[in-house]
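> Sequence plus the predicted model coming up.
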Amino acid sequence: MILQEADNELTIDCLLLAGRIMIESGAETYRVEDTMLRMAQSQNMLDAQCYATPTGIIFSLGKTQPTRITSISSRVTDLQKIALVNSVSRRLTSHIITLDEAHDELKSIQKTNYFLPIYMQVLSAALASGCFLIMFKGGWSDFPAAFIAGGLGFLVLVWMNYLTKVKFFSEFTASLIIGLIAFFAVKSGYGAEIDKIIISSVMPLVPGILITNAVRDLMAGHFMSGMAKGAEAFLTAFAIGAAIAVILSF
Amino acid sequence: MDIIVQLIVSFFATAGIAVIFNVPRKTLFHCGFVGVVGWLIYYVLTEYGMDVVNASFFGSFVVAIVAHLYARRFKMPMIIFIVAGIIPLVPGGMAYNAMRNVVEDDYLQGLQYGLKAFLITGAIVMGLVFAEVFMQLIFRGIYTSKMKIRKVYKR
């Protein structure tokens, strides 16, 4: 009996860890609940209940065990971690790996940083901004300005996130820098259309994953999570818009 | 010629966004491809005079269908393929124009652009949802017909 209870503890730890990593990397909440319940059922916990929100997870095993809560405060977008946890849960539910192996694997996933080095991210943000300029029917002569503005804007975003941990502030500063670069590029003759440069350089900051997740959560019936993520997306959009408005009002 | 440039450029733009969102390395190319397909539909439809709202709907519809097929093939969550693909369709230009007109004290014009941006966002969302339901119905149809064929064989 005691042995079985210890076993249950490990299972709950494992499930909560999986759910936590998924939410921290930006997965949809309905998918998190689905994954956790599938894993629980594969471990013979048939009446497990789970309630996930973007700020925390509540998990209960029924009558015998106390309910467990884990709270989450920071969320980033890391799709690779979601894919990795997904594959662990697939292998656990089809009994290819044991619970212990799954727990170890999840722990190492949580510790590892899967992001590319910063300069690669900045380069790809810069390249994406330049390409967006062409997609929005800008001229090739504006390409360098958008390239530099997009790259520097993303660099400032990462740096400010590291310094202050306030998302709204870092997004505001990043778009302010983008607006300034575009403004001076046009002033000094290196760019032609300030509108196109700003729009394309701001694209890497757009909260695409939040919007998608919010909608998919709403459609799956998770209204709380959907509204919360919608609010987060709105805050980001507002930060970008406010900074651009400051630049334009000069 | 113009279309070929748009294809190449949209591939790099979507793949760049995918790197920022840190998609798994082996799916980077496929994420770029999803973005190319969505942008191609949107671009061609708007070039032939369709309204941007309708074009955004069809663009995101196709993005979600291709993403669904890739998600089945790679056995990975669908969101990995969707996210980068819909970024080019997001109405950044409209929102910018709305903000610009509001700053210039032209609230009526700003409201007009803002509403248009809102409509486009709604169209993207509808495209995603419709495609998901559509694919579920199709795969359910395939599954049940397989089961029926199996029953016939057993007899």
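Everything's here; your move.
> Alpha carbons of whichever helix or strand residue A:213 is part of, as PDB, please.
Using DSSP states H and E, residue A:213 maps to helix A:208-219. Provided in PDB are the C-alpha atoms of helix A:208-219 (Å, rounded to 0.1, in the frame of the first residue of the first chain):
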ATOM      1  CA  GLY A 208       1.100  35.500 -33.500                       C
ATOM      2  CA  ILE A 209       1.300  32.500 -31.200                       C
ATOM      3  CA  LEU A 210      -0.900  34.200 -28.500                       C
ATOM      4  CA  ILE A 211      -3.600  35.000 -31.000                       C
ATOM      5  CA  THR A 212      -3.700  31.500 -32.400                       C
ATOM      6  CA  ASN A 213      -3.700  29.900 -29.000                       C
ATOM      7  CA  ALA A 214      -6.400  32.300 -27.700                       C
ATOM      8  CA  VAL A 215      -8.700  31.400 -30.500                       C
ATOM      9  CA  ARG A 216      -8.100  27.700 -30.300                       C
ATOM     10  CA  ASP A 217      -8.700  27.700 -26.600                       C
ATOM     11  CA  LEU A 218     -11.900  29.600 -27.000                       C
ATOM     12  CA  MET A 219     -13.100  27.200 -29.700                       C
END
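> Identify each buried residue in it, please.
Neighbour counts over helix A:208-219 (16 or more other Cβ atoms under 10 Å in any protein chain shown) mark A:208, A:209, A:210, A:211, A:212, A:213, A:214, A:215, A:216, A:217, A:218, A:219 as buried. Yep, even glycine has a C-beta here, placed from its N, CA and C like the rest.
> Distance of the residue most central in space within chain B relative to residue A:192?
Central residue of chain B (Cα atoms, centre = their mean): residue B:60, 2.8 Å from the mean position. Taking Cβ to Cβ, to the nearest Å as the measure, residue B:60 and residue A:192 are separated by 31 Å.
> Kindly report the same for residue A:46.
For residue A:46, the distance to residue A:192 under the criterion Cβ to Cβ works out to 65 Å.
> So for these two, which sits in the more crowded spot?
residue A:192 (14 against 8; other Cβ atoms under 10 Å in any protein chain shown).
> Are we agreed that the more buried one is in a helix?
No: counting by DSSP: H, G, I helix; E, B strand; the rest coil, residue A:192 falls outside a helix, being coil.
> What confidence value was assigned to it?
The pLDDT attached to residue A:192 in the predicted structure is 82.
> What of the one 4 residues further on?
Listed pLDDT for residue A:196 reads 89.
> give me phi/psi at residue A:57?
phi -130, psi 140 (degrees, to the nearest 10).
> secondary structure element for the residue of chain B found nearest chain A?
With distances taken as Cβ to the nearest Cβ, chain B approaches chain A most closely at residue B:16, which sits 3.0 Å away. Secondary-structure assignment from DSSP H and E places residue B:16 in helix B:2-20.
> Assign residue A:50 to helix, strand or coil.
strand.
> which residues of chain B score low on pLDDT?
Across chain B, residues meeting the criterion (pLDDT under 70) sit at B:155.
> How about stretch A:172-179 and chain B, touching?
No: using Cβ under 8 Å from any Cβ of the partner chain as the criterion, no contacts between stretch A:172-179 and chain B are found, and the smallest distance is 10.7 Å.
> any idea of the mean pLDDT for that stretch?
If you average the per-residue pLDDT over stretch A:172-179, you get 93.
> then that stretch to CSV, C-alphas only?
What follows is the C-alpha trace of stretch A:172-179 in CSV, where atoms were taken according to Å, rounded to 0.1, in the frame of the first residue of the first chain:
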residue,chain,number,x,y,z
PHE,A,172,7.5,49.3,-26.1
THR,A,173,11.2,50.0,-26.1
ALA,A,174,11.9,47.7,-29.0
SER,A,175,9.2,49.3,-31.2
LEU,A,176,10.4,52.7,-30.1
ILE,A,177,13.9,51.8,-31.4
ILE,A,178,12.5,50.5,-34.6
GLY,A,179,10.5,53.7,-35.2
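> quick one, helices of chain B?
Remark: helices assigned in chain B by DSSP state H are B:2-20, B:28-47, B:52-74, B:79-86, B:92-103, B:107-154.
> Name the stretch among these that sits most buried.
Comparing those by mean neighbour count (mean count of other Cβ atoms under 10 Å in any protein chain shown), helix B:79-86 comes out on top with a mean of 28.
> Report whether that one contacts chain A.
Yes: looking at helix B:79-86 against chain A by Cβ under 8 Å from any Cβ, the contacts come from B:79, B:80, B:82, B:83, B:84, B:86.
> so which of those residues would you say is closest to residue B:73?
For residue B:73, the nearest member of the residues of helix B:79-86 next to chain A is residue B:80. The distance, counting by Cβ to Cβ, is 12.0 Å.
> For the nearest residue to the closest one once chain neighbours are set aside, report the pLDDT, please.
Residue nearest to residue B:80 in three dimensions, not counting chain neighbours: residue A:79, with 4.8 Å by Cβ to Cβ, 6 or more residues apart in numbering or on different chains. Taken from the predicted model, the pLDDT recorded for residue A:79 is 89.
> According to the record, where do the domains of chain A fall?
The record, using automatic domain parsing to delimit domains, assigns chain A the ranges A:2-111, A:118-248.
> got the contact list for residue B:82?
Contacts here follow Cβ atoms under 8 Å, 6 or more residues apart in numbering or on different chains; on that basis residue B:82 touches A:212, B:34, B:63, B:64, B:67, B:128.
> repeat that for 7 Å
For residue B:82, the contacting residues are A:212, B:63, B:64, B:67, B:128, taking Cβ atoms under 7 Å, 6 or more residues apart in numbering or on different chains as the criterion.
> OK, contacts around residue A:111?
No contacts exist for residue A:111 under Cβ under 7 Å, 6+ apart.
> quick one: it from residue A:23, how far?
17 Å.
> Next: residue A:211.
In terms of Cβ to Cβ, residue A:211 sits 17 Å off from residue A:23.
> top helix in chain A by residue count?
Longest helix in chain A by number of residues (criterion: DSSP H): helix A:223-248.
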